[in-house]
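Enquirer: Below are the sequence and a predicted model; questions follow.
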Amino acid sequence: MKPEESKQWEIGVEGTTGPLFWQVNAYHNDIDNLIAYKSGYPTSTYENIGEAEIKGVEWVGEFETGILHHQVTYQYVDPRNKKTDKVLERRAKQQVKYQLDWAIDKVDMGLTYQYIGSRYDNDYSQFPSRRVKQGGVSLWGLTAAYPITSHLTIRGKIANMFDKDYETAYGYRTAGREYFLTGSYNF
């Protein structure tokens, strides 16, 4: 396999409108030697599939309401195989994220909502494989951080809070609800 090579550009503008800070970015990425999963008989492997073009626009808005900090992100992406003009597998064209953060005493809290739009993949359980469309998914998460001392902080996280069944790759379930507890010590 050859390594992927890419050329890209990005342009953005940002500003403040009343209480809203916003930014808009547009980008274009040309990729040579794109590495992707390729189904075959009797084995499947990763290989260079050629050239791809990924272009998109991202909008981010942030504002405060009292102790609450809100951040909304919208992404539109057009990821295409240049040879076939098909949308690249496992890449959603649209994503939305809402992040709500607040602090009470010394506890930093966060609530996240993320929508990942529909995307295409291949069903490799049969030969030849067939292209399938996977529906979009909405996920929620919760985080908390507490500084025990000026050096030691503990963090907790619940990912996929409502235990949503979904797949990022067709035929492979993702983890359900997950709990994380971590700590960091800074010298």
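Expert: Perfect, I can see it now.
Enquirer: C-alpha only now, for contacts and for neighbours.
Expert: OK.
Enquirer: can you map out the strands along this protein?
Expert: Using DSSP state E, the strands found in the chain span residues 5-17, 20-38, 45-65, 68-81, 94-104, 107-116, 119-123, 130-134, 137-147, 152-159, 167-169, 172-173, 178-185.
Enquirer: Of all those, which one comes closest to residue 88?
Expert: Closest to residue 88 of those is strand 68-81 (C-alpha to C-alpha; 5.2 Å).
Enquirer: pLDDT on that closest one, on average?
Expert: Computed over strand 68-81, the mean pLDDT rounds to 97.
Enquirer: cool, stretch 169-184 as well?
Expert: Averaging pLDDT along stretch 169-184 gives 92.
Enquirer: next one: stretch 100-108 to chain centre, how far?
Expert: Relative to its parent chain, stretch 100-108 has a centroid offset of 24 Å by C-alpha atoms, centre = their mean, to the nearest Å.
Enquirer: Over to stretch 52-69?
Expert: For stretch 52-69, the separation from the chain centroid amounts to 13 Å (computed by C-alpha atoms, centre = their mean).
Enquirer: Ok, stretch 63-81 next?
Expert: With C-alpha atoms, centre = their mean, you get 12 Å for stretch 63-81.
Enquirer: do stretch 92-111 as well
Expert: Centre-to-centre, stretch 92-111 and its host chain are 15 Å apart (C-alpha atoms, centre = their mean).
Enquirer: Can I get that stretch as PDB, trimmed to CA atoms?
Expert: The C-alpha trace of stretch 92-111 is given here as PDB (Å, rounded to 0.1, in the frame of the first residue of the first chain):
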ATOM      1  CA  ALA A  92     -22.200  11.100   7.200                       C
ATOM      2  CA  LYS A  93     -23.000  14.200   5.100                       C
ATOM      3  CA  GLN A  94     -24.500  16.000   8.000                       C
ATOM      4  CA  GLN A  95     -23.600  16.200  11.700                       C
ATOM      5  CA  VAL A  96     -25.000  18.400  14.500                       C
ATOM      6  CA  LYS A  97     -23.600  18.800  18.000                       C
ATOM      7  CA  TYR A  98     -24.900  20.800  20.900                       C
ATOM      8  CA  GLN A  99     -22.700  21.200  24.000                       C
ATOM      9  CA  LEU A 100     -24.000  22.700  27.200                       C
ATOM     10  CA  ASP A 101     -21.500  23.500  29.900                       C
ATOM     11  CA  TRP A 102     -21.900  24.900  33.400                       C
ATOM     12  CA  ALA A 103     -20.100  25.100  36.700                       C
ATOM     13  CA  ILE A 104     -21.600  24.800  40.200                       C
ATOM     14  CA  ASP A 105     -19.100  25.600  43.000                       C
ATOM     15  CA  LYS A 106     -16.000  23.800  41.800                       C
ATOM     16  CA  VAL A 107     -17.700  21.100  39.700                       C
ATOM     17  CA  ASP A 108     -17.600  21.600  35.900                       C
ATOM     18  CA  MET A 109     -20.600  19.800  34.200                       C
ATOM     19  CA  GLY A 110     -21.400  19.200  30.500                       C
ATOM     20  CA  LEU A 111     -24.300  17.700  28.500                       C
END
